[in-house]
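got a predicted structure here, sequence first:
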Amino acid sequence: MKSTVETLSPTRVRLAVEVPFDELTPSVQRAYKKVASQVRVPGFRPGKAPARIIDQRVGRGVVLEEAVQDAVPRAYADAVQETGTKVIGQPDIEVTKIDDGDLLAFTAEVDVRPEFELPAIDSIEVTVDPSEVTDEDVDTQITALRERFAVLKGVERPVQEGDYVSIDLKATVDGEEVPDASSSGLSYEVGSGQLIEGLDTALSGLEAEDAKTFTTELVAGEHAGKPAEVEVTVRSVKEKELPELDDEFAQTASEFDTLDELRADIRERLGKSKAAQQGSQAHDRVLDAMLAATSVPLPESAVEAELGWRRENVERQLTEAGMDKDAYLQMQGQTEEEFDAELQGNVQQAVKTQLLLDALADAQEISVSDQDLTEHIVAEAARYGIAPQQLAQQVQESGNIPALIADVRRNKAMRRALGAATVVDTAGATVDLTPLLGPDEDDAAADATADPSVPAVTEPADTEPEPETVS
């Protein structure tokens with residue numbers, strides 16, 4: 001077999017493939033068997049008619065056409081492997097020549113992973129927020145905890161912001177009561193702004209059994225957008241009483257015996273949370289810096305495939321939520337054009353990111369071990385609340401192993417970039433991401449610690465090579 005590659009653009013090539021006829025023999029034999037099984041020939045059992053009889057009954061051309069259908073995908077896969085072409089998506093194939101007994105020739109136009117210059121990852125510098133936990137941070141958490149254990153106590157004084165009141169509401173439009181906008185015995189936190197505009201102002205200074213009328217605009221129902229007269233009557237006023245901040249509170253609100261132990265635990269947990277947030281921020285900013293420093297041509301088929309998948313996903317989620325697209329756009333405050341433009345931009349950024357990380361993984365010679373796959377399966381299973389064994393089986397049965405390997409490889413490439421980049425906080429201190437990234441072990445060491453409870457999800461060795469895709 002002979003194959004050549006012609007570059008059509010930075011993201012597309014044309015493969016020209018010539019296959020000598022003797023290499024088509026297995027495909028021709030399979031074609032005869034298939035055609036014979038579909039043709040009833042007197043004197044022969046189904047599928048047993050010899051080639052010359054098949055030629056007489058249906059014609060050699062039908063057999064050759066069937067043989068070409070069988071041979072071209074195999075020859076295309078061989079040409080991709082032989083030329084080292086990093087294809088993306090499905091090819092457009094055109095058979096250009098069939099000479100019986102001599103030659104089969106075809107061309108295949110297909111998108112490819114573009115070549116581009118990568119930034120030096122050890123030259124990337126980003127700044128992130130500090131992870132230091134302040135006394136104010138701890139106090140804020142303590143206050144929130146006290147709020148959870150607060151009690152409401154009745155008071156005989158005018159309403160203040162933060163009080164909890166029981167109120168009756170009566171709304172009228174043009175002198176007629178609006179039932180949907182009226183209520184009695186309603187509990188409300190003054191100052192929350194969660195009911196109707198003007199209510200908080202009207203309540204201020206009232207006492208129990210006081211009433212006041214104010215004007216507001218209704219936002220729902222048949223009178224939406226119309227001004228309404230609303231009478232509010234206060235039935236009771238209660239204030240929030242926080243527990244004393246002492247060891248007894250620590251014992252009530254936690255498993256700790258003293259307030260100092262509680263504060264120390266809160267500080268430790270806040271430190272871990274802030275470190276995780278800092279790591280996430282570093283991830284995003286290092287990735288943004290690499291993308292900004294790199295010009296990545298986008299293969300059209302990869303963008304269209306991702307765009308189609310995301311549109312289908314949105315439609316499926318809307319259907320499951322019982323919502324149509326118009327209602328969703330209204331809720332988001334977007335037009336159809338704005339939604340499409342945002343989706344297109346997100347897809348282009350996602351494809352660019354995938355291509356960048358794939359190229360980085362190639363440059364860093366990053367491979368994926370069984371342990372890498374196992375850890376990914378375990379983490380994803382925990383995310384979705386299913387058993388790792390169940391997820392591993394789903395991945396194998398759905399044929400998503402190549403996509404899984406690609407995702408894990410990109411994650412490893414991103415970790416390598418984070419480990420090489422210079423990350424400092426706004427105070428100028430160097431940020432050590434090692435606790436979040438973990439050790440960069442080689443595959444052999446990783447395999448030695450593989451979890452035997454999770455089935456291996458390596459690709460079967462007897463499968464034919466498939467074109468690479470951006471997923």
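Received the coordinates, thanks.

and the longest helix anywhere in the chain, what does it pack against?
Identified as the longest helix of the chain according to DSSP state H is helix 259-292. On a contact count with 3 or more C-beta pairs under 8 Å, 6 or more residues apart in numbering; DSSP states H and E, helix 259-292 meets strand 125-128, helix 135-148, helix 247-253, helix 336-363, helix 401-420, strand 422-425, helix 434-437. C-beta coordinates here come from the backbone N, C-alpha and C atoms, glycine included.

again, 6 Å this time
Counting contacts by 3 or more C-beta pairs under 6 Å, 6 or more residues apart in numbering; DSSP states H and E, helix 259-292 is packed against strand 125-128, helix 135-148, helix 247-253.

a markdown table please, covering those and showing mean pLDDT, mean neighbour count and distance to residue 91.
As requested, the helices and strands packed on helix 259-292 are exported to a markdown table (pLDDT from 0 to 100; neighbours: other C-beta atoms under 10 Å; distance: least, C-beta to C-beta, whole Å):
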| stretch | mean pLDDT | mean neighbour count | distance to residue 91 |
| --- | --- | --- | --- |
| strand 125-128 | 96 | 17 | 40 |
| helix 135-148 | 95 | 13 | 57 |
| helix 247-253 | 95 | 15 | 64 |
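
in CSV, list those along with distance to residue 272.
Converted to CSV, those look like this (distance: least, C-beta to C-beta, whole Å):
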stretch, distance to residue 272
strand 125-128, 16
helix 135-148, 13
helix 247-253, 20
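
residue 371: which of the ones you listed is closest?
Of all the helices and strands packed on helix 259-292, it is strand 125-128 that lies closest to residue 371, at 29.4 Å by C-beta to C-beta.

partners of the closest one, with directions?
strand 422-425 (parallel) (DSSP bridges).

buried set for the partner strand?
423, 425 (16 or more other C-beta atoms under 10 Å).

now it: how far from the chain's centre is it?
27 Å (C-alpha atoms, centre = their mean, to the nearest Å).

returning to that earlier point: so which of the helices and strands packed on helix 259-292 comes closest to residue 412?
strand 125-128 (19.7 Å).

ok, and what's touching that closest one?
Applying C-beta atoms under 6 Å, 6 or more residues apart in numbering, the external contacts of strand 125-128 come out as 278, 281, 282, 285, 286, 289, 422, 423, 424, 425.

next, count neighbours for the third one.
Applying the criterion other C-beta atoms under 10 Å, we find 23 residues in the vicinity of residue 282.

surely it and residue 423 touch.
Yes - applying C-beta atoms under 6 Å as the test, residue 282 and residue 423 come out as touching, 4.9 Å apart.

mean confidence for stretch 32-50?
Mean pLDDT, stretch 32-50: 81.

swap in stretch 317-326?
Here the average pLDDT along stretch 317-326 is 89.

ends of that stretch, what's the gap?
14 Å (C-alpha to C-alpha, to the nearest Å).

one more: stretch 192-203?
From start residue to end residue, stretch 192-203 stretches across 12 Å - C-alpha to C-alpha.

could you check how far that stretch is from the centre of its chain?
Counting by C-alpha atoms, centre = their mean, stretch 192-203 is centred 39 Å from the centre of its parent chain.

ditto for stretch 3-16
32 Å.

ok, back up a step: next one: the longest helix of the chain to chain centre, how far?
Distance of helix 259-292 from its chain centroid, counting by C-alpha atoms, centre = their mean, is 21 Å.

what of stretch 349-362?
With C-alpha atoms, centre = their mean, you get 15 Å for stretch 349-362.

give me the contacts around that stretch.
Residues beyond stretch 349-362 that count as contacts (C-beta under 6 Å, 6+ apart) turn out to be 118, 294, 296, 298, 302, 303, 306, 409, 410, 413, 414, 470.
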